[in-house]
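Student: return a 3D structure for these sequence lines:
(2 chains)
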Amino acid sequence: MTGESAREPVLSVRNLRVEFPTRNGVLTAIDDVSFDVAPGEVLGVVGESGAGKSITGTSIIGLLDPPGRIAGGEIRLEGRRIDNLPMTEMRKIRGRRIGMVFQDPLTSLNPLYTVGRQLTETIRTHLGLGRRAAMDRAVALLDEVGIPAARRRIDAYPHQFSGGMRQRVVIALALAADPVLVIADEPTTALDVSVQAQVINVLKRMCREHGASVMLITHDMGVIAETADRVAVMYAGRIAEIGPVRQVVQHPLHPYTVGLMGSIPKLDHNEPRLRQIPGSMPRLDSIPPGCAFNPRCPQAFARCMLERPEPIPKGAARVACWLHANEEVVA
Amino acid sequence: MLAFIIRRLIQAVIVMVVVSLIAFLMFRFVGDPINQMVGIETSVEQREALRERLGLNDPLILQFWYFISSAAQGDFGVSYQFRQPVADLLAARMPATLELSFVSALFALLVGIPMGVYTGLNRGTALSNIFLSVSLIGISLPVFLIGILLIFVFAVNLQWLPSFGRGQVVDLGWWTTGFLTASGLKALILPAITLGLFQMTLIMRLVRSEMMEVLRTDYIRFARARGLSARAVNFGHALKNTLVPVITITGLQLGSVIAFAIITETVFQWPGMGLLFIQAVQNVDIPIMAAYLMLIAFLFVIINLLVDLLYVAVDPRIRLTGRSA
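Tutor: Numbers count the residues shown, from 1 in each chain, chains lettered A, B, ... in the order given. A predicted model of the protein is given here:
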């Protein structure tokens, strides 16, 4: 296992299973998902809408919307199990050990309070600083995320900031108590293309300087390729492939990842039509038996319809695909 | 900010002019005022003389001007039935109505908001369901029935509280208050509950639905993800965001509480303006009706002005648009 650091992982998710009980039976949104995040590492999580990326993030921080619940597996933060903690204990982890950045900066901040008040509130909750010290830290954080004239802007309300600036404030909030892990759920999706790169750079720099690992959830392969150290590709609530970003991007193993890479338009190729993977991801209530990808897979064979593939180590990566099973047996 | 207040004040003046026009026209609609003032044996010449003396032959617009300018100075004419200045009659009755309305509104807010927050946060629990059922009663039962039921239970059967009147009041010279005596306070309880129950259930349901709405927003999720305490999230962040609609409705309802105190005052024989108004209607006492109409309109205008200013205090986004506009 070369990709996963020998040091103890910051976050370790084992066989996570998340279910949503509904009137028509139990839907399994996350099924047997395992991965680690090493100290200082940026793990990218990609997949289509509904693949379970965001639910993975919210279940780690313990904020699944009811009736969703963790039905199996375990989540460990710095070796300590956190998926079964009582509410009051979990509150000390949220914001303090795990910071969160949500998709839409326009709605992530409370419109009725100044950004300074929201920052100091978080800082004082977790670090027990005095009013003055918390204010100084808030100004320093705003300064770090690149808000000009931070000392003056701290008394401004969220609506007085642009979208990109608000997402910087959100990043400052996520890092306010120096967490060990930041979960960024589509942090740039709602932003203008021209500021996406800036915000990603701020996020990356802030996490590096504050020593936080990052779980970067996105459907933008470009962002992953530039930012992440490793990448997990999710499909229908399962991890299809996980490995070092260079390997996954350049030599994808899972047919789904291959399709995903193939569908990224390239500047130097002049194709009349964008390439796409035929079909669409199955709904949660109609995931086929065997490999969830089998109806869309160009290389599917009999075994894919019957047996569910387990993640198979393949170099530094792991891939859940029967195409890669035989060699492993031989080896 | 100043421009905002000035704009609102100008609007308030326009509203008051329109309302006074309606009040003024009431005199014309309900027949010839001379007929109501003199006996049937008065001769035509005497009637004409009186008409001339009262200025009723002046052009309508001039009469309206007299009406408005004297009303602005607090002169609403003389009551037909009491032969006393209307302003004095209303001033004597106003403390009773305002105290009752104030206590009702306070009751509605202090009970309604916590119940709304509780039911919004704890959906489906037994206590929430009880609150919701009670609120259904409050919203659907007519006011007079609630009043009679309360009198039946607490005044007639249990004999805990008086069934009518204000009890002992203390005259402060410019104001008579029931707040300072035990019997005055006891007399307030039943009418205040009767008058405030509907507003209380309305506020409770409003707060509940607003809370449920706000709790779904991203900034509440983010506040939770930042590890803030449940109290900080629910009250500091969520409740404050429900306040703008709550202030609007409460303001409007406070106006209605004063205006619709009529029914409660009748049921409890509360010596307030509402009771005076009912008597005025029965005796076609136009000056009192006109003055009451203008007074209620004035209170509505004042309350709405305060509501607008409160918005500005609560929501910084309004502050900014107010300044730039």
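
Student: ramachandran angles for the nearest residue to A:Ile93 once chain neighbours are set aside?
Tutor: Using CB to CB, 6 or more residues apart in numbering or on different chains and skipping the chain neighbours, the partner closest in space to A:Ile93 is A:Ile82 (5.9 Å). C-beta here means a position set from N, CA and C on the backbone, and glycine is covered the same way. When quoted as degrees, to the nearest 10, the phi and psi of A:Ile82 stand at phi -120, psi 0.

Student: number of residues surrounding A:Ile82?
Tutor: 20 (other CB atoms under 10 Å in any protein chain shown).

Student: hmm, it is touching A:Lys92, no?
Tutor: No: the pair A:Ile82 / A:Lys92 is not scored as a contact, 10.3 Å apart, by CB atoms under 8 Å.

Student: can you tell me which residues in chain A are near chain B?
Tutor: With CB under 8 Å from any CB of the partner chain as the criterion, chain A meets chain B at residues A:61, A:63, A:87, A:91-96, A:99-100, A:102, A:104, A:107-113, A:121-122, A:125-126, A:157, A:159-160, A:170, A:173-174, A:176-177.

Student: all strands of chain B, in order?
Tutor: Counting by DSSP state E, chain B has these strands, from start to end: B:170-171, B:176-177.

Student: where does chain A dip in pLDDT?
Tutor: Within chain A, the stretches with pLDDT under 70 are A:1-6, A:267, A:269-271, A:326-331.

Student: and what of chain B?
Tutor: Applying pLDDT under 70 to chain B flags residues B:30-31, B:33, B:36-37, B:319-325.

Student: which residue does it bring closest to chain A?
Tutor: Residue nearest to chain A within chain B (CB to the nearest CB): B:Gly227, separated by 3.2 Å.

Student: wait, B:Phe27 sits on B:Ile286?
Tutor: Yes: with contacts counted by CB under 8 Å, B:Phe27 reaches B:Ile286, the gap being 5.4 Å.

Student: looking at these two, which one has more neighbours?
Tutor: Neighbour count, other CB under 10 Å: between B:Phe27 and B:Ile286, B:Ile286 has more, with 22 against 19.

Student: rewinding a little: burial count for the residue nearest to the residue of chain B closest to chain A when sequence neighbours are not counted?
Tutor: Of all residues not flanking B:Gly227 in the chain, A:Gly95 sits nearest, at 3.2 Å (CB to CB, 6+ apart). Residues lying near A:Gly95 (other CB under 10 Å) number 27.

Student: list the residues that contact the nearest residue to A:Val223 once chain neighbours are set aside.
Tutor: The shortest distance from A:Val223 to any non-neighbouring residue, by CB to CB, 6+ apart, is to A:Ile200 (5.9 Å). A:Ile200 makes contacts with A:187-188, A:223, A:226-227, as judged by CB atoms under 8 Å, 6 or more residues apart in numbering or on different chains.

Student: any idea how far A:Ile200 is from chain B?
Tutor: To chain B, A:Ile200 is 19 Å away according to CB to the nearest CB, to the nearest Å.

Student: give the buried residues for the helix or strand harbouring that residue.
Tutor: For A:Ile200, the host element (DSSP states H and E) is helix A:193-209. Buried residues in helix A:193-209, counted by 16 or more other CB atoms under 10 Å in any protein chain shown: A:195-196, A:199-200, A:202-204, A:206-207.

Student: so what touches stretch A:318-328?
Tutor: Contacts for stretch A:318-328 (CB under 8 Å, 6+ apart): A:238-243, A:253-255, A:291, A:299, A:301, A:303-304, A:307, A:309-314.

Student: how far out from the middle of the chain is it?
Tutor: For stretch A:318-328, the distance from its own C-alpha centre to the chain's C-alpha centre is 25 Å (CA atoms, centre = their mean, to the nearest Å).

Student: can you point out the buried residues in it?
Tutor: A:318-325.

Student: same check on stretch A:112-123?
Tutor: Applying 16+ other CB under 10 Å to stretch A:112-123 flags A:112-123 as buried.

Student: what about A:Pro278, how many neighbours?
Tutor: By other CB under 10 Å, 9 other residues sit near A:Pro278.

Student: show me which pair in the contacts of A:Ile200 is furthest apart.
Tutor: Maximum pairwise distance in these, criterion CB to CB, is 13.5 Å, between A:Pro187 and A:Glu226.

Student: so which of these two has more stuff around it?
Tutor: Between A:Pro187 and A:Glu226, counted using other CB under 10 Å, the more crowded position is A:Pro187 (28 against 14).

Student: can you classify A:Phe20 by secondary structure?
Tutor: At A:Phe20, secondary structure determined by DSSP: H, G, I helix; E, B strand; the rest coil is strand.

Student: quick one: residues contacting it.
Tutor: Counting by CB under 8 Å, 6+ apart, A:Phe20 makes contact with A:26-27, A:29, A:67-69, A:284.

Student: name the nearest of those relative to B:Gly138.
Tutor: A:Pro67 (31.7 Å).

Student: excluding chain neighbours, what is closest to residue 22?
Tutor: Going with chain A. A:Pro67 (7.7 Å).

Student: sorry, I should have been clearer: chain B.
Tutor: Going by CB to CB, 6+ apart, B:Ile22 has B:Leu293 as its nearest residue, at 7.0 Å.

Student: correct me if wrong: that neighbour contacts B:Ala23.
Tutor: Yes: between B:Leu293 and B:Ala23 there is a contact at 4.9 Å, judged by CB under 8 Å.

Student: and among the strands of chain B, the most buried is which?
Tutor: For the strands of chain B, the largest average neighbour count (mean count of other CB atoms under 10 Å in any protein chain shown) is found in strand B:176-177, namely a mean of 16.

Student: partners of that one, with directions?
Tutor: Applying DSSP bridges, strand B:176-177 is found paired with strand B:170-171 (antiparallel).

Student: which residues are contacting the strand it pairs with?
Tutor: Residues contacting strand B:170-171 (CB under 8 Å, 6+ apart): B:176-178, B:180-181, B:184.

Student: now distance to B:Leu276 too, for the residues you listed, in a markdown table please.
Tutor: Listed next are the contacts of strand B:170-171 as a markdown table, based on distance: CB to CB, whole Å:
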| residue | distance to B:Leu276 |
| --- | --- |
| B:Thr176 | 14 |
| B:Thr177 | 18 |
| B:Gly178 | 17 |
| B:Leu180 | 23 |
| B:Thr181 | 23 |
| B:Gly184 | 20 |
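
Student: residues in chain B within reach of chain A, list them.
Tutor: Residues of chain B lying near chain A by CB under 8 Å from any CB: B:217-219, B:221-230, B:232, B:236-237, B:240-241, B:314-317, B:320.

Student: need the buried ones from those residues selected in ChimeraX.
Tutor: Entered in ChimeraX, the line below selects the buried ones among the residues of chain B next to chain A, by 16+ other CB under 10 Å:
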select /B:217,218,219,221,222,223,224,225,226,227,228,232,236,237,240,241,315,316,317
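
Student: show me what contacts B:Arg93?
Tutor: B:271-273, B:275-276.

Student: what sits closest to it if chain neighbours are left out?
Tutor: B:Met273 (4.6 Å).

Student: neighbours of the one you found, how many?
Tutor: The burial count for B:Met273: 30, using other CB under 10 Å.

Student: thought it was touching B:Leu100?
Tutor: No: look at B:Met273 against B:Leu100 with CB under 8 Å: they stay out of range, at 10.1 Å.

Student: need the overlap of contacts for the two.
Tutor: With CB under 8 Å, 6+ apart as the test, B:Met273 and B:Leu100 both reach B:261, B:265.

Student: list the residues that contact B:Gly272.
Tutor: Going by CB under 8 Å, 6+ apart, the list of residues near B:Gly272 reads B:93-94, B:96-97, B:100, B:261, B:265.

Student: can you add distance to A:Glu74 and give those back as a markdown table?
Tutor: Conversion of those to a markdown table gives the following (distance: CB to CB, whole Å):
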| residue | distance to A:Glu74 |
| --- | --- |
| B:Arg93 | 72 |
| B:Met94 | 69 |
| B:Ala96 | 68 |
| B:Thr97 | 66 |
| B:Leu100 | 62 |
| B:Ala261 | 63 |
| B:Glu265 | 67 |
